[in-house]
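In: for reference, the sequence and a predicted model appear below.
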Amino acid sequence: MSETKFSVMVSLFNWMQKSKSSSVKRSKFRKFLDTFCRPNNGEDYFSAIRLILPGLDRERGSYGLREHVLATCLIDAIGMSRDSPDSQRLLNWRKGGPRSGAFAGNFSLIAAEVLQQRQGMTSGGLTIKELNELLDRLASSENRSDKTSILSDLIRKTNAQEMKWIIMIILKDLKLGISERSIFHEFHPDAEDLFNVTCDLKLVCEKLRDRSQRHKRQDIEVGRPVRPQLALRVSNAAAAWKKLHGKEVVVECKFDGDRIQIHKNGADINFFSRNFLDHPEYEHGMSDVIRRNILIDRCILDGEMLVWDASANRFAEFGSNQEIAKAAKEGLDSDRQLCYVAFDILYAGDTSVIHRSLKERHQLLQKVVKPVAGRLEILVPNGGLNAHRPAGEPCWSLIVHDIDGVERFFKETIDNRDEGIVLKDLNSKWEPSDRSGKWLKLKPEYIRAGSDLDVLIIGGYYGSGRRGGEVAQFLVGLAERPASNTYPRRFVSFCRVGTGLSDEELNAVVTKLKPYFRKYEYPKKPPPSFYQVTNNSKERPDVWVESPEKSIIVSITSDIRTIRSEVFAAPYSLRFPRIDRVRYDKPWHECLDVQSFVELVHSSNGT
Ligand code: ATP
């Protein structure tokens, strides 16, 4: 195998990509294995299969090369100027340039074209072994100039076709049109099962060298990441209920953090993420709490790593885990801290418990973990985290008996600005990598709001702390579409937004609007008649802007998601909106109208 040229694999890739039928793809792969990977040395299988399933290869760390950085390294490796049209095509691979045509959005195809003019057609004779060695070096090199010089080495030893596939290997997406499952099955009938409980491709290739020898089903082990059980998406509560018909069902909040498996083996603790990488950065913030409050020596917990904001008394929005982990490492004081929410237990003492029912696992979880508020929580119905919920907020996990129960829980969760809910069959076992429907997820419909939205400030909310007594957030509205050649007369409440502006920018807007702020004397006085609002207390502002003509337009953007709204009067609202800029240049009547916004929602490709 060590002598097999990478060009042989490239022919296999090209064949597989070209052939339409899955069985032809599989037989090509089989032929390659039989001809080029002799079963006398497991290493051979691994060195080839790790290039076919690069996303599952744990032996090499991450390359630290997403498309943009890869583009800059390739530009330097080839020695092009950054301003040249080809460099621009690589850097703007998403949009494509004048010559990108159908390639726009496909980085490796653009790169292959750029390279073709420089590399020519003859292969440099790189072997699979050499390629793996160079990829090892690429992953372990720390700075860009080292990465660039390894890439130029690769370019020297390959042609443009080969480089195209190497780039896809680096980006971990080969687009061969064959599932990982088919690759595994063709290699060995037990390969997928073994991989699911070990997440170790090398071990799978070594243990299952002989296709005719069946492998006894292996259970999970402490210290080896397991492929997580997954949730099947459903579109509404009725569909969810139908799927779980007759089952005992628990509904849980879908927390928006990092899926983490905690493996505790005596004093050793590992934090494995969804893609089976260890995350030692969580050690500083979490290990002590775990050692003191997990009451058995060995176990595996499944759950979500989140950030608890002690001053706001709620979980922080997604995205701050790494920052808080870093702060914990540096010993910085903060109101925010890492908090692990365990929603399952997979191993306890010296046995795997994935075959027990979820109900039993919940009981076990309560025996094994001593919860610490805001640090280490457990998610079980009628206990655990539910006991710590802030007053007035919905609970986080609940046994439901009918569709109404699911709908109510879903609505409360969304009103509370959480991501969605997960429904689970209480009698099901935990199955590695399963997405067959034992767990269902229900999320609000969301879409991409591609462009900035110009909306009008119609009210304000007072801040706390530094901004106590001052308006710190705004209620913004969309216009009701006016008759042609007239100005809008009514504005519909749309969302509440407080982030995005610097202190100075915020002060400038508040100072300008201050003379027109009118206190909302709820419930004594109704809102001004030109604003259409709901009666929801989450929307209710502290002040109104006296009239739309006096107000200011702001451009807002959001975390791609637009959600169906029940809190605000407009049919959709934004998730995590922020102000991009203040549009002093736009008169109040040029505010986006509801109809145009809804059209924008419908025309965008919702997922
Ligand atoms: P998504 O982008 O919707 O999170 P996904 O493909 O990452 O999808 P799924 O398995 O489809 O993951 O959805 C379940 C995910 O939801 C889990 O991986 C986990 O990170 C997260 N999650 C949050 N809360 C829970 C919970 N209570 N039970 C199970 N999973 C939860």
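Out: Looks like it arrived, so ask away. Keep in mind that this is a model prediction, so the values were computed, not measured.

In: Ala373 and Asp146, how far apart?
Out: 46 Å (Cβ to Cβ, to the nearest Å). Where C-beta positions appear, they are placed from N, C-alpha and C, glycine not excepted.

In: should've said Ile294
Out: For Ile294, the distance to Asp146 - Cβ to Cβ - is 41 Å.

In: which of these two has more neighbours?
Out: Ile294 (20 against 14; other Cβ atoms under 10 Å).

In: how about that one, what does it touch?
Out: Ile294 sits next to 264, 301, 368-370 when contact means Cβ atoms under 8 Å, 6 or more residues apart in numbering.

In: quick one: which of these is nearest to the ligand?
Out: Closest approach to the ligand among the contacts of Ile294 (Cβ to the nearest ligand atom): Leu301, at 12.4 Å.

In: got a list of what that closest one touches?
Out: Applying Cβ under 8 Å, 6+ apart, the residues near Leu301 are 261-262, 264, 294, 340, 342, 344-346, 365, 369.

In: for it, give the beta-bridge partners.
Out: Counting by DSSP bridges, Leu301 forms beta bridges with Ile262, Ile345.

In: beta partners for the residue of the stretch 401-550 of the chain found nearest the ligand?
Out: Relative to the ligand, the nearest point of the stretch 401-550 of the chain is Val422 (4.2 Å; Cβ to the nearest ligand atom). Beta bridges link Val422 to Glu252, Lys441, judged by DSSP bridges.

In: wait, it sits on Lys441?
Out: Yes - Val422 is in contact with Lys441 according to Cβ atoms under 8 Å; the separation is 5.3 Å.

In: can you list residues touching both of the two?
Out: 231, 254.

In: more crowded one of these two?
Out: Of the pair Val422 and Lys441, Val422 is the one with more neighbours under other Cβ under 10 Å, namely 21 against 17.

In: tell me which residues touch Leu134, please.
Out: Per Cβ under 8 Å, 6+ apart, neighbours of Leu134: 150, 153-154.

In: near the ligand, which residues of the protein? Just list them.
Out: Residues of the chain lying near the ligand by Cβ under 6 Å from any ligand atom: 228, 230-231, 252, 254-255, 259, 304, 343, 379, 422, 441.

In: and the residues you listed as CSV, adding pLDDT and distance to Val69?
Out: Putting those into CSV (pLDDT from 0 to 100; distance: Cβ to Cβ, whole Å) gives the following:
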residue, pLDDT, distance to Val69
Pro228, 96, 28
Leu230, 95, 30
Ala231, 96, 32
Glu252, 97, 38
Lys254, 95, 32
Phe255, 94, 31
Arg259, 97, 26
Glu304, 97, 29
Phe343, 98, 35
Leu379, 96, 38
Val422, 97, 35
Lys441, 95, 32
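
In: now for those residues, which pair is the farthest apart?
Out: Maximum pairwise distance among the residues of the chain next to the ligand (Cβ to Cβ): 17.0 Å, between Leu230 and Leu379.

In: more neighbours, those two?
Out: Counted by other Cβ under 10 Å, Leu230 and Leu379 do not tie: Leu379 has more neighbours, with 23 against 17.

In: buried sites along the helix ranked longest in the chain?
Out: Scanning the chain for the longest helix, with DSSP state H as the assignment, gives helix 22-36. Neighbour counts over helix 22-36 (16 or more other Cβ atoms under 10 Å) mark 25-26, 28-29, 32-33, 36 as buried.

In: now do stretch 423-440
Out: For stretch 423-440, by 16+ other Cβ under 10 Å, it's 423-426, 428-434, 438-440.

In: stretch 569-588 now?
Out: For stretch 569-588, by 16+ other Cβ under 10 Å, it's 569-577, 579-583, 588.

In: check stretch 541-560 too.
Out: So, applying 16+ other Cβ under 10 Å, buried residues of stretch 541-560: 541-545, 548, 551-558.

In: what mean pLDDT does that stretch have?
Out: Mean pLDDT, stretch 541-560: 89.

In: I'd like the numbering to begin with 47 instead of 1 from here.
Out: Sure, I'll start numbering at 47, so the last one becomes stretch 587-606.

In: can I get it as PDB, trimmed to CA atoms?
Out: C-alpha atoms of stretch 587-606 as PDB (Å, rounded to 0.1, in the frame of the first residue of the first chain):
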ATOM      1  CA  PRO A 587     -42.500  49.000  26.400                       C
ATOM      2  CA  ASP A 588     -41.800  51.600  29.200                       C
ATOM      3  CA  VAL A 589     -42.200  54.500  26.900                       C
ATOM      4  CA  TRP A 590     -43.800  55.300  23.500                       C
ATOM      5  CA  VAL A 591     -42.400  57.600  20.800                       C
ATOM      6  CA  GLU A 592     -45.000  60.300  20.700                       C
ATOM      7  CA  SER A 593     -45.600  60.000  17.000                       C
ATOM      8  CA  PRO A 594     -44.000  58.200  14.100                       C
ATOM      9  CA  GLU A 595     -42.900  61.400  12.300                       C
ATOM     10  CA  LYS A 596     -40.700  62.200  15.300                       C
ATOM     11  CA  SER A 597     -38.900  58.900  15.200                       C
ATOM     12  CA  ILE A 598     -35.800  57.400  13.700                       C
ATOM     13  CA  ILE A 599     -35.200  54.400  11.400                       C
ATOM     14  CA  VAL A 600     -32.600  51.800  12.300                       C
ATOM     15  CA  SER A 601     -31.300  48.900  10.200                       C
ATOM     16  CA  ILE A 602     -31.400  45.600  12.000                       C
ATOM     17  CA  THR A 603     -30.000  42.200  11.200                       C
ATOM     18  CA  SER A 604     -30.400  38.900  13.000                       C
ATOM     19  CA  ASP A 605     -29.000  35.500  13.500                       C
ATOM     20  CA  ILE A 606     -30.400  34.200  10.200                       C
END
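
In: looking at the contacts of Leu180, which are in strands?
Out: Taking DSSP state E, every one of the contacts of Leu180 sits outside strands.

In: of the residues you listed, which is the most crowded?
Out: Busiest of the contacts of Leu180 [other Cβ under 10 Å] is Leu200, holding 23 neighbours.

In: just for this structure, where's the confidence low?
Out: Applying pLDDT under 70 to the chain flags residues 47-48, 84-89, 141-151, 166, 436-439, 491-497, 605-613, 649-653.

In: neighbour-wise, which of the contacts of Leu347 leads?
Out: Ile391 (29 neighbours).

In: neighbours of the nearest residue to Ser510 once chain neighbours are set aside, just the number please.
Out: Of all residues not flanking Ser510 in the chain, Ala518 sits nearest, at 7.9 Å (Cβ to Cβ, 6 or more residues apart in numbering). Neighbour count for Ala518, taken as other Cβ under 10 Å: 19.

In: what is the burial count for the closest residue to the ligand within the stretch 297-446 of the chain?
Out: Closest to the ligand within the stretch 297-446 of the chain is Arg305: 3.2 Å, counting by Cβ to the nearest ligand atom. Arg305 has 16 neighbouring residues, counting by other Cβ under 10 Å.

In: please enumerate the helices of the stretch 347-496 of the chain.
Out: Along the stretch 347-496 of the chain, counting by DSSP state H, counting those that start in this stretch, helices occupy 367-375, 404-414, 449-461.

In: picking up where we left off before, which of the buried residues of stretch 615-634 sits closest to the ligand?
Out: Arg621 (13.2 Å).
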